[in-house]
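Q: sequence plus predicted model, see below.
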Amino acid sequence: MVDLGKYFGHTKTSAGGGLCRCPKNTMSKIILNTQRLRLEKIEKSHLNDLYALVSNPKVQRYFPKTLNRNETKEFYEKIQNRYETDGYCYWAVVREGDNQFIGICGILKQEVDGQVETEIGYRILDMFWGKGYGTEAAEGCIKYAKEKLKKTSVISLIRSVNAPSKRVAEKNGLKFEKESIFHGLPHLVYRLLLKQ
Ligand SMILES: CC(C)(COP(=O)(O)OP(=O)(O)OC[C@H]1O[C@@H](n2cnc3c(N)ncnc32)[C@H](O)[C@@H]1OP(=O)(O)O)[C@@H](O)C(=O)NCCC(=O)NCCS
């Protein structure tokens, strides 16, 4: 089993990294659309944007660390492996209209307390916080998990001090279920049951 805990786990370094506009020809890579956003497969063309995201100390505050360029490449490779093995993972969140990369959001297979769970994970660049994008992207992923993947339940794993993330979960109907140790750190498990 691939251990994604190091980078997909929840729990800091830094550097800037420019934000680029995504290429126009992305039709075949689109996973889902929401009112203002599209979620598309993360590809090599997203590497600089991905680095800008995961090297950002504000974005990574509740993760174990910020990632440098090499670690970002490893993170990228692990995402590609997950596309192969699971069929899903983090996707790039791109704003329709101006093709601006604003973050990543997706569906992650995780093991929590010995159970295989379907996690909704999200990270948005801080300059785009507070505009409803995190909630909107996560909602799109929940719909995808229900309708395409036929999942009966989704969770989010949230550090207790991460107020914005708790709000994203709550606004999408997830409810606090329990506390759990995930990759060595205490997390709150929020869950939404999906009626099929
Ligand atoms: C969590 C995150 C994705 C939310 O993204 P976003 O696009 O700002 O989300 P939204 O605009 O949909 O806002 C969600 C809610 O969080 C609230 N919020 C935003 N910043 C907040 C803050 N600093 N403190 C408390 N609440 C905050 C918003 O007000 C909103 O709630 P409201 O509608 O009740 O006002 C973003 O903060 C982020 O990327 N954080 C770093 C990565 C991370 O922690 N990911 C989650 C790991 S579990």
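A: Received the coordinates, thanks. What you are looking at is a predicted structure, and each value in this text was computed from that prediction instead of being measured.
Q: give the contact list for L47.
A: Residues in contact with L47 (C-beta atoms under 8 Å, 6 or more residues apart in numbering) are T72, K73, Y76. Where you see a C-beta, it was placed from the backbone N, CA and C, and this is true even at glycine.
Q: which SS class is the last one?
A: What DSSP: H, G, I helix; E, B strand; the rest coil gives for Y76 is helix.
Q: so it sits against I42, correct?
A: Yes: counting by C-beta atoms under 8 Å, I42 is a contact partner of Y76 at 6.7 Å.
Q: need the overlap of contacts for these two.
A: L50.
Q: please give the element, helix or strand, for the residue of the chain at minimum distance from the ligand.
A: Per C-beta to the nearest ligand atom, G134 is where the chain lies closest to the ligand, at 2.5 Å. In the assignment (DSSP states H and E), G134 maps to helix 133-147.
Q: mean confidence for the very next helix or strand once past that helix?
A: For helix 133-147, the succeeding helix or strand toward the C-terminus, using DSSP H and E, is strand 153-158. In this model, strand 153-158 carries a mean pLDDT of 98.
Q: got the contact list for strand 153-158?
A: 10, 107, 110, 112, 117-121, 138, 142, 145-146, 165-166, 168-169, 174, 177, 180, 182, 187-194.
Q: buried residues in that strand?
A: By 16 or more other C-beta atoms under 10 Å, the buried positions in strand 153-158 come out as V154, I155, S156, L157, I158.
Q: reformat those residues as JSON lines; add distance to the ligand.
A: Output for these, formatted as JSON lines (distance: C-beta to the nearest ligand atom, whole Å):
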{"residue": "V154", "distance to the ligand": "13"}
{"residue": "I155", "distance to the ligand": "11"}
{"residue": "S156", "distance to the ligand": "6"}
{"residue": "L157", "distance to the ligand": "6"}
{"residue": "I158", "distance to the ligand": "4"}
